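Participant: Sequence first, predicted model second:
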Amino acid sequence: MDYKFKEDKLEVHYRRDLKAATKYIDTNYPLLKGMVEYQEPQLLPTAINCNPGPIYIPIYINAK
């Protein structure tokens, strides 16, 4: 998943890169190594409007 600002809006891009995801998990989370499985995305109905308003994205900075 990538985030980009375009003018005054936030764009979110999703990728289907199982190889990159597996490498990331295996490298950064050794207890989960070899456990990544692909799940086909599913579109599900919603009961409310899909425009939730502001989107907050947490940013985590590792302290070393």
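Facilitator: Received it, and whenever you're ready, just let me know what you need. Quick caveat: nothing in here was measured; it's all calculated off a predicted structure.
Participant: Now do the contacts for Lys33.
Facilitator: By C-beta atoms under 8 Å, 6 or more residues apart in numbering, the residues touching Lys33 are 25-26. Backbone N, C-alpha and C define where each C-beta goes, glycine included.
Participant: What confidence value was assigned to it?
Facilitator: Note on Lys33: pLDDT of 96.
Participant: and if you look at the one 4 residues further on?
Facilitator: Per-residue confidence for Glu37 comes out at a pLDDT of 94.
Participant: cool, and the one 5 residues further on?
Facilitator: According to the prediction, Gln42 has pLDDT 86.
Participant: same thing with Ile59?
Facilitator: With respect to pLDDT, Ile59 has a value of 69.
Participant: what kind of secondary structure is Pro58 in?
Facilitator: Put simply, Pro58 is coil when judged by DSSP: H, G, I helix; E, B strand; the rest coil.
Participant: any idea how far it lies from Asn51?
Facilitator: Noted for Pro58: a distance of 21 Å to Asn51, by C-beta to C-beta, to the nearest Å.
Participant: how about the strands in the chain?
Facilitator: Along the chain, counting by DSSP state E, strands occupy 2-6, 9-13.
Participant: Output the ones you listed in JSON lines, with distance to Met35, mean neighbour count and mean pLDDT appended to each entry.
Facilitator: Shown next, in JSON lines, are these (distance: least, C-beta to C-beta, whole Å; neighbours: other C-beta atoms under 10 Å; pLDDT from 0 to 100):
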{"stretch": "strand 2-6", "distance to Met35": "24", "mean neighbour count": "9", "mean pLDDT": "80"}
{"stretch": "strand 9-13", "distance to Met35": "25", "mean neighbour count": "9", "mean pLDDT": "80"}
